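K.L.:
Turn this into a structure:
(chains A and B)
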Amino acid sequence: MKEQLQKDFNNIIKNLSLSQKDIEIKKFYLDNFINRGFPNRREEEWKFSDLNQIIKKNIGELSFYSDYTSTNKVDTSVFVDGLEHNKIVFINGRIEKIDFDYEKKDKIEIIDQSESINKFNNNNSLSDLNNAFTNKSFKILVKKGYQFSKPLIIYHTTNSKIWSKNINLRLNFELDKDSSLRLIDLFNDTSEKNFLNIFYNFDLKENSVLKNYKVDKFENKNIKYSFNNIQQDKNSISETFILSSGSNFFKNEINCNLNGEYSSAFVNGILSLNNDKHHEIRTIINHLTENTKSYQLIKSVLEESSKAAYQGKIFVNSKAQKTDGYQLSKAILLNKDSEFNAKPELEIYADDVKCSHGSSSGSLNENAIFYLMTRGLNYHQSRELLINGFLLDVVEKITDSEIKNLIKNMIGIKE
Amino acid sequence: MDQRQKEIDNLKDYKYGFSTDIESTKAPKGLSEEVIKFISNIKKEPKWMLDFRLKAFERFKQLKEPDWQKPKYPKIDYQDLYYYSAPKSMDDKPKSLDELDPKLLETYKKLGIPLQEQARLNGIAVDAVFDSVSVATTFREELSKLGIIFCPISEAIQNHPELVKKYLGSVIPTTDHFFATLNSAVFTDGSFAYIPEGVRCPMELSTYFRINATNTGQFERTLIVADKRSYVSYLEGCTAPMRDENQLHAANVELIALDEAEIKYSTVQNWYPGDKDGKGGIYNFVTKRGLCKGKNSKISWTQVETGSAITWKYPSCILKGDNSVGEFYSIAITNNYQKADTGTKMIHLGKNTKSKIISKGISAGFSDMTYRGLVDISSKASNSNNYTQCDSLLMGNKCGAHTVPYIKNKNSESSIAHEATTSKISEEQLHYCQQRGLSAEEAVGLIVNGFCKEVLQQLPMEFAVEAQKLVGISLEGSVG
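P.N.:
Reported below is the predicted structural model:
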């Protein structure tokens, strides 16, 4: 893999006009990645999902070079109907379209940051990989007091032109004081056997509100890793919803630092898997100051020989008195071959806190099915009804009604 | 006022902090094949036992000391420890209690061990371990009438080699982790108990451990085998003299329950925790593991951990037999600079296996407490279930409480439920108690005892009283 990395890296450097210093920095990250390789189960955070093995098994040899010189045709059929929205379209990792039709142009700024590299402190070799190989990175700045009137949908599309490729993406968002943004990440792949490595950085200033919905619904054979790093100032709110279902492997990681008083973070997730899919959600919520709140709810429904994992950590440092931190994970195993692993973790250094976590896993309640069947539903319908009810709980946590309906339609939950 | 202050100061000082001046026979310092042969030789062990030790030592040389635990400690120089020390008076073994070194008896008396008449009255058979060699075992005769073997393991190796050979290392193999392997290589003594088929042990078996000579890592080895349809309750209580240097304690405890047998293992651990600035104290790195080998068997661990500078242990159950049950009840209290990383592992292998974990952690002062546990339901363990509850109580914002559960479910017919909470003693509760005339300290003691009640209830009567007192003593000076 080492030669491949070196070769692809040199190809990329050739196509980018970077200063000597930036090349040095990128080289540094490349060397870091070469040293460490893909994360494996010996690392605590990857205990339940050995990415190294998964890539070996599903993809084999990866290539890290993509030709970004030619454009791809934007397939408008993937766009969401019935919801007016702004768009950013990624095709095979290349930004093809940025469209903020519904917003005031002077309130949003899109800054090309390809030259500067910002660090991610998630202590994992994938950030090194991302740093070494991202070719373009943008910062989206929402100016003071501006509230997005329509949601922004980022389409992550891949087509059959790519195969066994590693794609690295990076976006930075800054929400200035009193601003708000609704952001949907929609994954839509027609490609196979690629590894997507996505890093988002959110900087939430005072009173700002971020709602991020990550929807991985469409069946595909790709492997994905997404990392959201969220920094929150006073009074800010972040809401993250994850629907993890379509890809062969998907690991979503959220790192949220509650730096300002009265800031709060909500993470809700659904892992709905079949076949031999393997998905994971890992969250780290750091309560760093007084009066901060966090709530997490993760539900999994596992069919066939699928595997899901949830690792959640609530960290409360000694200054963060009056913290509320709640975490709940529930899983239904529908098949004897399915597997659910969890590591809900609390690390607490302050005494005036209310923190709890709960985790349960088991099968569908046969008594409930029996009850429904006595009311005239058949076995299949009863099962469906129970699972829908189980998942609806999470969907109902979505605070935006437009998007809630969109997601309900996507999952096919009827009320 | 002065008088009261004095009393408090007296209490704060370690209650059992004294050491007896007895000449010791020591093995040469350090860890080597020679030292292991020395230990084996002095204990007149058969060859298979020496081979067992040497095999473990070979393995030990390849192992690296683990470092993933939460409490960090200064590096231990394993070549700077004595691996064997025995009270000298052991050279010609006493025939009865009266022949024992009076100083030794005095030590036990201070500890309140009912070694002589009290033992009979209390119905406790005591296998007192002073440093590393068992000194006296009472009630053995009475037990032997029932066919129960309860003796120091070194005697068991001589007299019951077939049992020891069969079961020693069957739950904690010589190839296990660092400290367990170290123990397998150099263990000096410990208890052995065998309960024959169909026998219900009429009394609580009990061992009091003491660590005495400075720089002697104490390596106990306990093996309890409960044959078919038998029952035994085993008590382990520990206190240690005050010393400045850190002392290592790496014991191994193996439990084996055959068909329909039940083992109840209770521990009250109150070793020297170091002074209030975190100097000194015992390192308690113990491997405890129980195997529910037979159908319908049950193993239950109950522990009250209040002592030691660092406690690092996970009493575990391997639920291999169908319908077997594993239980773990724990109270861990850390104060001052104490650190604890403790919990359990429940490994479900058989069908219809059940496990229950109740863990209560209390941290005060500058201490740090971690619950770390594993619940693993394998794909063959159909219809199994686990319930875990771990609650933490924090006193002050200089201490920490952490929960790190690992939950693995590979069987869709099985269910796992886990819940954990962290909180502090509410002002309302304190206020209410104080209003009724309790001092702040008494109030805290009362509330904490209530918090721990679920676990304290599991302890045998004799222990429960002691443990309750211990809970109060351990938290002294942590409020206000």
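K.L.:
In chain A, what residue comes closest to chain B?
P.N.:
residue A:362 (2.9 Å; C-beta to the nearest C-beta). For glycine as for every other residue, the C-beta is placed from the backbone atoms N, C-alpha and C.
K.L.:
how many other residues sit next to that residue?
P.N.:
Using other C-beta atoms under 10 Å in any protein chain shown, residue A:362 has 20 neighbouring residues.
K.L.:
sec struct for residue A:291, please.
P.N.:
Secondary structure assignment for residue A:291 (DSSP: H, G, I helix; E, B strand; the rest coil): coil.
K.L.:
Now do the contacts for it.
P.N.:
A:261-262, A:321-323 (C-beta atoms under 8 Å, 6 or more residues apart in numbering or on different chains).
K.L.:
10 Å instead?
P.N.:
A:234, A:258, A:260-264, A:320-324 (C-beta atoms under 10 Å, 6 or more residues apart in numbering or on different chains).
K.L.:
of all the residues in the stretch 1-150 of chain B, which ones are close to chain A?
P.N.:
B:68, B:70 (C-beta under 10 Å from any C-beta of the partner chain).
K.L.:
low-confidence ranges in the stretch 1-150 of chain B?
P.N.:
Within the stretch 1-150 of chain B, the stretches with pLDDT under 70 are B:1-27, B:85-140.
K.L.:
quick one: the strands in the stretch 201-350 of chain B?
P.N.:
Listed in chain order, the strands found in the stretch 201-350 of chain B under DSSP state E, counting those that start in this stretch are B:204-210, B:221-226, B:231-239, B:247-249, B:252-257, B:262-270, B:282-292, B:298-305, B:310-313, B:316-319, B:325-334, B:339-342, B:345-348.
K.L.:
between those strands, which one is nearest to residue A:85?
P.N.:
strand B:345-348 (48.4 Å; C-beta to C-beta).
K.L.:
Kindly export stretch A:15-23 (C-alpha atoms) in PDB.
P.N.:
C-alpha atoms of stretch A:15-23 as PDB (Å, rounded to 0.1, in the frame of the first residue of the first chain):
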ATOM      1  CA  ASN A  15      -2.000  18.900 -10.100                       C
ATOM      2  CA  LEU A  16      -2.400  21.300  -7.100                       C
ATOM      3  CA  SER A  17      -0.600  24.600  -7.000                       C
ATOM      4  CA  LEU A  18       0.600  24.500  -3.400                       C
ATOM      5  CA  SER A  19       3.300  26.400  -1.700                       C
ATOM      6  CA  GLN A  20       6.300  24.500  -0.600                       C
ATOM      7  CA  LYS A  21       5.300  24.800   3.000                       C
ATOM      8  CA  ASP A  22       1.800  23.300   2.400                       C
ATOM      9  CA  ILE A  23       3.400  20.400   0.500                       C
END
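K.L.:
buried residues in that stretch?
P.N.:
Across stretch A:15-23, burial judged by 16 or more other C-beta atoms under 10 Å in any protein chain shown covers A:18, A:22.
K.L.:
can you check stretch A:222-242 too?
P.N.:
For stretch A:222-242, by 16+ other C-beta under 10 Å, it's A:222-242.
K.L.:
So which of the residues you listed are in helices?
P.N.:
Using DSSP state H, no member of these falls in helices.
K.L.:
closest to residue A:329 out of the strands of the stretch 201-350 of chain B?
P.N.:
strand B:345-348 (18.5 Å).
K.L.:
From residue A:17, how far off is the closest residue in space to residue A:94 that isn't next to it in sequence?
P.N.:
Leaving aside its sequence neighbours, residue A:94 sits nearest to residue A:68 (C-beta to C-beta, 6 or more residues apart in numbering or on different chains; 5.0 Å). Distance, residue A:68 to residue A:17, by C-beta to C-beta, to the nearest Å: 13 Å.
K.L.:
do the same with residue B:279
P.N.:
Distance from residue B:279 to residue A:17, by C-beta to C-beta: 61 Å.
K.L.:
May I have stretch B:363-381 exported as CSV, CA atoms only?
P.N.:
Extracted in CSV, the C-alpha atoms of stretch B:363-381 (Å, rounded to 0.1, in the frame of the first residue of the first chain):
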residue,chain,number,x,y,z
SER,B,363,-15.7,8.6,45.2
ALA,B,364,-14.7,11.4,47.5
GLY,B,365,-11.6,13.6,48.0
PHE,B,366,-9.2,13.4,45.1
SER,B,367,-10.0,9.9,44.2
ASP,B,368,-10.9,8.3,40.9
MET,B,369,-13.2,5.4,40.3
THR,B,370,-14.0,3.4,37.2
TYR,B,371,-16.5,0.7,36.6
ARG,B,372,-15.4,-1.4,33.7
GLY,B,373,-17.4,-4.4,32.7
LEU,B,374,-18.0,-6.8,29.9
VAL,B,375,-21.2,-8.6,29.1
ASP,B,376,-20.7,-11.0,26.2
ILE,B,377,-23.5,-13.2,25.0
SER,B,378,-22.2,-15.6,22.4
SER,B,379,-24.2,-16.8,19.5
LYS,B,380,-24.9,-20.2,21.1
ALA,B,381,-26.2,-18.7,24.4
